[in-house]
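In: coords please:
(one chain, ligands or ions: 2)
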Amino acid sequence: MKLPRQFFKPLAIGAPSPLHELPVQLERMIHFIPPHIEKMRAKVPDMIKTVDVILGNLEDAIPANAKHAAREGFIELAKNNEFGETGLWTRINCLNSPWVLDDITEIVAQVGDKLDVIMLPKVEGPWDIHYLDQLLAQLEARHSIKKPILIHAILETAEGVNNVADIAAASPRMHGMSLGPADLAASRGMKTTRVGGGHPFYGVLSDPDEDTNTTRQFQQQDLWHYTVAKMVDACAAAGIKAFYGPFGDFSDLEGCKAQFRNSFLLGCAGAWSLHPSQITIAKEVFSPDVNEVKFALRILEGMPDGTGAVMIDGKMQDDATWKQAKVIADLARLVADKDPAMAKNYGF
Ligand code: GLV
Ligand code: MG
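Out: Numbering: from 1, shown residues only. Ligands and ions are numbered 1, 2, ... in the order given. Next comes the predicted model:
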């Protein structure tokens, strides 16, 4: 374990200093695109205006014979666009793949100054973060990169879930973490072929009632509740952000919304969008509800210094609910800065 005094020192001479705080960014959806497809690259200028983060995917879903084209396509789209406040991320191949070293070295060499975050799949423990951390510092120094490139881990192996708290705290370069329900299901031996979402057989059956002999009610439960909650605790404790990952059934907009919303209520900042319809869902779900925001603002106004106890609409408020209100109001302000229509709805 590195001593606290050493934790924030650059890992290579000439590398930028690690950040003490994460940049404050609205990241409601991380929008995945396959960068080897020219038609998708052509959509990037318009996409920059509608999403919070654009991610060029190099890993799963990119065929082995297109890995090189995807990397080149990502470098091209990064060079040819100005991203402004929209985040530019890439998901590189996993650390035991034959492609990952070139993914990292070529992307940092060519567009390292534009890249905000590298998403690292299949992270098993803090050692994976330490490896990428050191390599990025060396490359940043070599290519005179001015700001540190952050790391976002995907939580998608049983070993990774076991080590989640250590992964979250592995480096000041950690931006956050996403649930990877497809790989995680496979790694754990879960019996589902779905990418995220529930399963009709996973639920609780009410007790039989011998007196009335009525039909027993079956209530579907959330397969991902435990993992998302564990991930949120690990991330919040380390001061980084948690995200729901992918929802694979593009035809089930309501199901997607319900999963995203659960993760939002539990503490996640955003989710992946794999299809344009999911951008709209994520925008709605990860922007706080107008009525919640208005109530939160009343709490903040009712307790200007954040201490004491007041009643609002019959509900007790104190220092703790003031903090809850601040979480919601701060997020609403971030949304409002980006979206004038939402600013108006919130009454800012
Ligand atoms: C995402 O990468 C997943 O495995 O669900
Ligand atoms: Mg995966």
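
In: Break the chain into its domains for me.
Out: 4-286, 292-346 (automatic domain parsing).

In: can you tell which of these is closest to ligand 2?
Out: Across the domains of the chain, ligand 2 has its closest neighbour in domain 4-286 (3.6 Å, CB to the ion). The way it works is simple: take the backbone N, C-alpha and C, and place the C-beta from them, glycine included.

In: Tell me if the closest one is near ligand 1.
Out: Yes - Domain 4-286 comes into contact with ligand 1 (CB under 6 Å from any ligand atom), by way of 60, 154, 156, 180-183, 195, 245-246.

In: mind giving me TSV with those and columns for pLDDT, secondary structure and distance to residue 257?
Out: TSV is the format used below for the residues of domain 4-286 next to ligand 1 (pLDDT from 0 to 100; DSSP: H, G, I helix; E, B strand; the rest coil; distance: CB to CB, whole Å):
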residue	pLDDT	secondary structure	distance to residue 257
60	97	coil	24
154	98	strand	22
156	98	coil	23
180	98	coil	20
181	98	helix	16
182	98	helix	19
183	98	helix	23
195	96	coil	16
245	97	coil	15
246	98	coil	14
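
In: Give the PyMOL command for selecting the buried subset of those residues.
Out: To isolate the buried ones among those in PyMOL, judged by 16 or more other CB atoms under 10 Å, type:
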select buried, resi 154+156+180+181+182+183+195+245+246
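
In: Tell me the one of the residues of domain 4-286 next to ligand 1 nearest residue 4?
Out: Nearest to residue 4, judged by CB to CB, of the residues of domain 4-286 next to ligand 1 is residue 154 at 27.3 Å.

In: Pull the contacting residues for the closest one.
Out: Contacts of residue 154 were listed using CB atoms under 8 Å, 6 or more residues apart in numbering, and they are 91, 119-123, 177-180, 183, 245.

In: what residues are up against the closest residue to it other than its chain neighbours?
Out: Among residues not flanking residue 154 along the chain, residue 180 sits closest, at 4.2 Å (CB to CB, 6 or more residues apart in numbering). By CB under 8 Å, 6+ apart, the contact list for residue 180 reads 121-122, 154-156, 245-246.

In: let's go with 10 Å and repeat that
Out: Counting by CB atoms under 10 Å, 6 or more residues apart in numbering, residue 180 touches 60, 119, 121-123, 153-157, 160, 186-187, 195-196, 227, 245-246, 272.

In: distance of it from residue 288?
Out: Distance from residue 180 to residue 288, counting by CB to CB, to the nearest Å: 26 Å.

In: cool, residue 222 as well?
Out: Taking CB to CB, one finds residue 222 at 21 Å from residue 288.

In: Then residue 72?
Out: Counting by CB to CB, the gap from residue 72 to residue 288 is 40 Å.

In: Compare these two and say which one has the larger neighbour count.
Out: residue 288 (20 against 14; other CB atoms under 10 Å).
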